[in-house]
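[1] Curious how this folds, go ahead:
(one chain, ligands or ions: 1)
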Amino acid sequence: MKRETIEVAETMYDVIVVGGGTAGWVAALSAARQGKEVLLLERKGYLGGVLGSGLAIYGFHDVNHKQVVKGYAHELVERLQAVGGSDGYELLELWHASMVAVNPALVKAIIIEMLHEAGISIVLYSQVVHVVTEGTRLEGVVVQRKSGRGHYKGKRFVDASGDAVLAYLAGAPTVQSDELQPPSLVLRIENVDVHELREHLVAHPDAYVNWRMLPGHNVTAEFLRHSVKFLTSSLCSSRHCRKPGSSSSCTRLGKVYPSGEGSLRRGSTM
Ligand SMILES: Cc1cc2nc3c(=O)[nH]c(=O)nc-3n(C[C@H](O)[C@H](O)[C@H](O)COP(=O)(O)OP(=O)(O)OC[C@H]3O[C@@H](n4cnc5c(N)ncnc54)[C@H](O)[C@@H]3O)c2cc1C
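    Numbers count the residues shown, from 1 in each chain. Model (predicted):
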């Protein structure tokens with residue numbers, strides 16, 4: 001049997017962020033833009049976490065449709081728009097004040113691009129499985145990857161694992177609620193003429209009276225008119241997906257990574 005060895009990295013990082021999801025990539029970017037040497041550890045092969053699954057992004061506007069959230073999230077939206085990965089903010093009348101439908105492949109690409117620009121060290125396929133402590137002080141983390149284990153040392157740590165993995169491994173008290181959110185994004189469809197679908201839904205509400213979206217929400221013409229954008233939000237992630245027969249905006253990845261560094265070839269579709 002092969003003996004397990006742990007490869008110890010030389011660098012003492014100012015900040016080590018565990019988890020490259022919604023919270024993690026923003027925490028890493030914030031620290032790096034303040035001049036810190038940052039390491040981001042992610043167990044999966046991409047960054048973005050749940051944000052990279054194709055969920056539309058909500059919460060930028062208040063009930064009066066005034067934009068109240070900007071910052072890195074707004075920067076992401078602007079950069080996505082620039083490469084055809086989103087049409088930007090769409091104002092809504094029900095449930096959410098606005099939404100931003102996004103192309104998940106481009107979300108992942110843009111996040112990596114922003115972090116590279118900031119000089120952040122990113123290590124993918126690396127799951128934090130142990131911590132190294134000195135008394136009550138956290139000194140480092142141990143990751144498991146295909147080639148073996150690695151030890152990274154840091155001065156500050158951010159637990160952005162989504163479920164407090166770092167805190168748990170370090171022995172901090174953690175709790176798990178009995179009430180967990182049920183899955184809500186079940187599937188994502190492309191190549192749909194969303195404008196025609198929306199017009200159809202609003203014009204023929206009777207065909208959908210048996211839809212039961214949420215307890216207390218019966219499908220009426222009024223309900224469909226107000227919620228049709230929200231209901232169809234995961235069908236469109238850019239103007240390129242909205243026309244039947246058109247290729248998805250993933251073809252644009254060739255423009256972001258012209259030398260073919262992206263995972264999708266130029267001209268490929270999702
Ligand atoms: C179906 C669904 C719909 C949602 N809809 C909305 C919505 O409309 N609006 C909204 O605001 N929120 C929504 N949410 C909630 C939102 O997605 C989450 O609150 C948010 O993504 C949490 O971000 P996070 O960075 O904390 O966790 P995550 O996005 O889960 O990221 C955690 C990251 O840490 C990595 N990781 C975990 N453990 C380790 C480890 N040991 N080592 C290394 N890496 C590790 C994971 O691989 C992941 O990439 C929804 C969630 C779901 C599931």
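
[2] contacts, neighbours, all on C-alpha from now
    OK.

[3] Count the neighbours of residue 134 for me.
    8 (other CA atoms under 10 Å).

[4] what does the chain have sitting close to the ligand?
    18-24, 41-44, 49-51, 57-58, 126-129, 160-162, 165, 183-185 (CA under 6 Å from any ligand atom).

[5] cutoff 5 Å now
    Counting by CA under 5 Å from any ligand atom, the residues of the chain lying close to the ligand are 19-23, 42-43, 49-50, 127-128, 161-162, 183-185.

[6] helices or strands up against the host helix or strand of residue 202?
    Residue 202 is located in helix 194-203, with elements delineated by DSSP states H and E. With contacts defined as 3 or more CA pairs under 8 Å, 6 or more residues apart in numbering; DSSP states H and E, helix 194-203 has these neighbours: helix 221-231.

[7] ranges for the helices of the protein?
    22-33, 71-82, 104-117, 165-169, 194-203, 221-231, 253-256 (DSSP state H).

[8] Now mean neighbour count and distance to residue 175 too, for those helices, in CSV please.
    Converted to CSV, the helices of the chain look like this (neighbours: other CA atoms under 10 Å; distance: least, CA to CA, whole Å):
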stretch, mean neighbour count, distance to residue 175
helix 22-33, 21, 19
helix 71-82, 16, 29
helix 104-117, 19, 30
helix 165-169, 18, 10
helix 194-203, 15, 42
helix 221-231, 17, 33
helix 253-256, 18, 41
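
[9] among those helices, which is nearest residue 5?
    helix 165-169 (20.4 Å; CA to CA).

[10] Now do that closest one: everything it contacts.
    With CA atoms under 8 Å, 6 or more residues apart in numbering as the test, helix 165-169 has contacts from 18, 128-131, 159, 173-174.

[11] Filter the residues of the chain next to the ligand down to the buried ones.
    Neighbour-count burial (16 or more other CA atoms under 10 Å) applied to these gives 19-23, 42-43, 49, 127-128, 161-162.

[12] which ones are touching the residue positioned nearest the centre of the chain?
    Nearest to the mean C-alpha position of the chain, by CA atoms, centre = their mean, lies residue 51 at 1.9 Å. By CA under 8 Å, 6+ apart, residue 51 lies in contact with 21-22, 57, 104, 107.

[13] out of those, what pair is the most spread apart?
    21 and 57 (13.8 Å).

[14] Would you reformat the contacts of residue 51 as TSV and include pLDDT?
    Output for the contacts of residue 51, formatted as TSV (pLDDT from 0 to 100):
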residue	pLDDT
21	97
22	94
57	89
104	89
107	95
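
[15] Spell out which residues make up each domain of the chain.
    6-54+103-169, 192-264 (automatic domain parsing).
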